[in-house]
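A.B. asks: Quick check, what structure comes out for this input:
(chains A, B, C and D)
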Protein chains: 2
Amino acid sequence: MARPREFNYDDALRGAMEIFWQRGYRGTTLPDLLAAMGMTRGSFYQAFGDKEATYLAALDYYDTAVVSTVVDRLGRCAAPSAVACLLPMFQSSEADTRGCFICNAMVEMGPEHPEAAQKTRAMADRLRRAILSVLEHFASPSPDRTLPETADLILHLYFGKQAMGKAGGAAADWEGRLRSLV
Amino acid sequence: MARPREFNYDDALRGAMEIFWQRGYRGTTLPDLLAAMGMTRGSFYQAFGDKEATYLAALDYYDTAVVSTVVDRLGRCAAPSAVACLLPMFQSSEADTRGCFICNAMVEMGPEHPEAAQKTRAMADRLRRAILSVLEHFASPSPDRTLPETADLILHLYFGKQAMGKAGGAAADWEGRLRSLV
DNA sequence: AGCGTTTAAGACCGAATGGTACAAAACAAC
DNA sequence: GTTGTTTTGTACCATTCGGTCTTAAACGCT
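C.D. replies: Sure, this is the predicted structure:
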């Protein structure tokens, strides 16, 4: 009945996620965003509202596409140890300067944008629970720490690594470090 | 011989640090910056160059004023245990939404500004060495980890906490967590 | 073919951006 | 008091920002 869309909604949203992930909210100009989404202003504002709404939608997309994948992988991990299951989280390539979108959003938007902060907290909680499920599956008890505490520790290490990784010069033996914790 | 300055260079730089710390580089507009520094455009550009140079100078100021204080305090800490010495680092008030300027700068500028990234790495190294010196002073050996590894772990936890703290809803028992590590 | 509806493209907008130019002002030296 | 030098305040600048508006195009339906 009407002119069909020339863009795919999900593809465009993924493009938005990619560019926001890489450059942050303020670092992404509207032309940047439009190029990444493969559309022009007219279509964009009609379909996505505005830049801010698109950023929040991109956070949701990250939750669905990236966090869910990690959580799933942790949930059905067939590796022989908790360390082996968790290690991939700590082995992002050195050349990847995007870091973790959750971490980026926390730092950039956290204090000034409650809605974005809420989304990042929700995603962090999902990660925390997934880490905990791995620990519980292998049930390695420790006299020093409860498993939820260890999971929270590992989550903090993860975000710390993501933050520091953005400044480069990281590369540590995470396998040894993780083994000393779980 | 000439008209005297009406502003104090160090006070102005401290003001710049405060506002960049709180709002980041891109989140700070020139009017914001000028207000925080207590000066007008003419004086600013003549004395500080431009926004970017001021940001880098603010990072140096943070190193001198904040990091040095923390490092000194760790170096001469009279507390009876490593945990007691390190705990203050993890007890920033909940209401403080600025987080850690190093962490903020790493995430915001890291990938796109090698000079800023280099400064953040240098400051992180200072913190790491200070943490290590505390651990070595109390010399609590562990079969699982070397002391430098533990120091690096604690540094990562610190940045992780700073990043997550910006999204709110933190507050954990860091004393227990630290005790389980050192 | 004509109509109704939605999309696409981009011209256009006011506001805000970081930065410059310039004139007035405040001192020391003489 | 005059001069030389630096600081100060502000008017001004081009550019870019996010966002709107208008027009043409592309369909399904009848």
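A.B. asks: Just give the number of residues close to A:E136.
C.D. replies: Using other C-beta atoms under 10 Å in any protein chain shown, A:E136 has 13 neighbouring residues. Backbone N, C-alpha and C define where each C-beta goes, glycine included.
A.B. asks: Not counting sequence-adjacent ones, nearest residue to it?
C.D. replies: Of all residues not flanking A:E136 in the chain, A:L147 sits nearest, at 5.8 Å (C-beta to C-beta, 6 or more residues apart in numbering or on different chains).
A.B. asks: Quick check: the one you found vs B:W21, distance?
C.D. replies: From A:L147 across to B:W21, the span is 36 Å (C-beta to C-beta, to the nearest Å).
A.B. asks: ok, the residue nearest to A:E136 - how many residues close by?
C.D. replies: By other C-beta under 10 Å, 20 other residues sit near A:L147.
A.B. asks: Quick check, pLDDT for it.
C.D. replies: Turning to A:L147, the model gives it a pLDDT of 94.
A.B. asks: what does A:S81 give?
C.D. replies: Looking at A:S81, the pLDDT reads 92.
A.B. asks: and if you look at A:A36?
C.D. replies: At A:A36, the pLDDT value in this model is 96.
A.B. asks: what comes up buried for the helix or strand hosting it?
C.D. replies: Per DSSP states H and E, A:A36 falls inside helix A:30-37. By 16 or more other C-beta atoms under 10 Å in any protein chain shown, the buried positions in helix A:30-37 come out as A:33-34, A:36-37.
A.B. asks: Taking these, tell me the two that lie furthest apart.
C.D. replies: A:L34 and A:A36 (7.3 Å; C-beta to C-beta).
A.B. asks: returning to what we had before: after the helix holding A:A36, which helix or strand is next? Please name it.
C.D. replies: helix A:41-48.
A.B. asks: elements contacting that next one?
C.D. replies: Contacts defined by 3 or more C-beta pairs under 8 Å, 6 or more residues apart in numbering or on different chains; DSSP states H and E place helix A:41-48 against helix A:9-23, helix A:30-37, helix A:51-62.
A.B. asks: got the residues of chain A near DNA strand C?
C.D. replies: For chain A, the residues in contact with DNA strand C (C-beta under 7 Å from any atom of the strand) are A:1-7, A:39-43, A:46-47.
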